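Visitor: sequence-free structure coming up:
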């Protein structure tokens, strides 16, 4: 950052030394340097947009400072265009503008250095993902014996926080170790949800199908059928999706998914309130 400030000041001095001749090449280079700095700050803003409010505020201030610097450069440019070659007052004014601008750029570079340090500190302070209970059980099988609720809770938290691979691993570990648990159908359904959220629709369909076939008496069948249909639509399997939506409407009419399935059928141009048209068999000619 110090090197940037030094280079910037050298360019500014070049502008002053050429002021008598009215040369604009150095000014153009100076403006290019400011543009590069603006791009640098924009990149910082893009990279760290999700960071803390304090850092975001600092980036906004930096953008504002560079914008003001650009305005000063425009003023210097206008001065150089209108100056008289022997007017010492004009030169003194330009020198003052350059000095003020140099100070502001030093402040800007100091802020950028502070921002870089903050980000470095944040990187150092980043904590590794804690080990999950099902992972610890690989080293100590006895540790899993009384951990059904904890394993399920950890996997569910991973699901809602977007750690989809960990969620799938956690729910699979839950099903391996507690296949008859009351939450087994929920765990299998959530595996499908994780795959669906990750746009892995074939795997989602397989997971939701297991809910329908292996946990037919559970409370997740309607939900699994509906999400399986949504996955089939994503794969352009329209006929299969329509069949699943109809199954939800006809066999689970009191479930919340029934109204959702009706809406999906209407979007596909199918009125779920109308019975399917009867197909009249064709009589064979004697």
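Guide: Okay, I see it. Every value quoted in this text rests on a predicted model; they were computed, and no experiment measured them.

Visitor: what about the spatially closest residue to residue 189 that is not a sequence neighbour, neighbour count?
Guide: Spatial nearest neighbour of residue 189, chain neighbours left out: residue 220 (4.4 Å); criterion: CB to CB, 6 or more residues apart in numbering. Placement of C-beta: from N, CA and C, glycine included. Neighbourhood size, residue 220 [other CB atoms under 10 Å]: 20.

Visitor: next one: residue 272
Guide: Per other CB under 10 Å, the neighbour tally for residue 272 reads 18.

Visitor: I figured it hits residue 246, correct?
Guide: Yes. Contact criterion CB atoms under 8 Å: residue 272 and residue 246 qualify, at 7.0 Å.

Visitor: sorry, back to before: quick one, what contacts the residue nearest to residue 189?
Guide: Neighbouring residues of residue 220 by CB atoms under 8 Å, 6 or more residues apart in numbering: 185, 186, 188, 189, 211.

Visitor: How much space separates it from residue 271?
Guide: Between residue 220 and residue 271 the distance is 28 Å, computed by CB to CB, to the nearest Å.

Visitor: Same question for residue 257, what's its three-state structure.
Guide: helix (DSSP: H, G, I helix; E, B strand; the rest coil).

Visitor: Per-residue confidence, it, what does it come out as?
Guide: Residue 257 carries a pLDDT value of 92.

Visitor: tally of neighbours for it?
Guide: By other CB under 10 Å, the residues close to residue 257 number 20.

Visitor: now swap in residue 177 and tell me
Guide: As a burial measure, residue 177 scores 16 neighbours (other CB under 10 Å).

Visitor: so it touches residue 148, yeah?
Guide: Yes. Taking contacts as CB under 8 Å, residue 177 lies within contact range of residue 148: 7.4 Å.

Visitor: if we can go back for a sec, which neighbours do residue 272 and residue 246 have in common?
Guide: Shared contacts of residue 272 and residue 246, counting by CB under 8 Å, 6+ apart, come down to 261, 265.

Visitor: Which helix or strand contains residue 213?
Guide: helix 201-214 (DSSP states H and E).

Visitor: Report the next helix or strand after that helix in sequence order.
Guide: Remark: after helix 201-214, the chain's next helix or strand is helix 221-234, criterion DSSP H and E.

Visitor: Who are the packing partners of that next one?
Guide: helix 184-197, helix 201-214, helix 238-251, helix 256-267 (3 or more CB pairs under 8 Å, 6 or more residues apart in numbering; DSSP states H and E).

Visitor: Could I get the buried residue list for it?
Guide: Judged by neighbour count (16 or more other CB atoms under 10 Å), helix 221-234 contains these buried residues: 221-233.

Visitor: From the residues you listed, pick the one nearest residue 265.
Guide: residue 229 (9.6 Å; CB to CB).

Visitor: distance of the nearest residue to the closest one once chain neighbours are set aside from residue 162?
Guide: Excluding its sequence neighbours, the residue lying closest to residue 229 (CB to CB, 6+ apart) is residue 244, at 3.6 Å. Residue 244 is 26 Å from residue 162, where distance means CB to CB.

Visitor: what about the stretch 51-200 of the chain, any weak spots by pLDDT?
Guide: For the stretch 51-200 of the chain, the stretches with pLDDT under 70 are 51-129, 133-146.

Visitor: per the record, what domains does the chain have?
Guide: 2-125, 133-267 (automatic domain parsing).

Visitor: Point me to the helix or strand that includes residue 174.
Guide: Secondary structure (DSSP H and E) places residue 174 in helix 164-177.

Visitor: Next, the angle from that helix to helix 184-197.
Guide: Angle, helix 164-177 to helix 184-197, by axes from the mean of the first three to the mean of the last three CA atoms, to 10 degrees: 160 degrees.

Visitor: okay, the angle between helix 164-177 and helix 201-214?
Guide: Per the same axes, to 10 degrees, the angle that helix 164-177 makes with helix 201-214 is 20 degrees.

Visitor: Helix 164-177: which residues count as buried?
Guide: Here helix 164-177 shows 164, 166, 167, 168, 169, 170, 171, 173, 174, 175, 177 as buried, counting by 16+ other CB under 10 Å.

Visitor: between those residues, which is nearest residue 152?
Guide: Nearest to residue 152 among the buried residues of helix 164-177, with distances taken as CB to CB, is residue 174, at 5.3 Å.

Visitor: Residue 214 touches residue 188, doesn't it?
Guide: Yes. Counting by CB under 8 Å, residue 214 sits close enough to residue 188 to count as a contact (7.1 Å).
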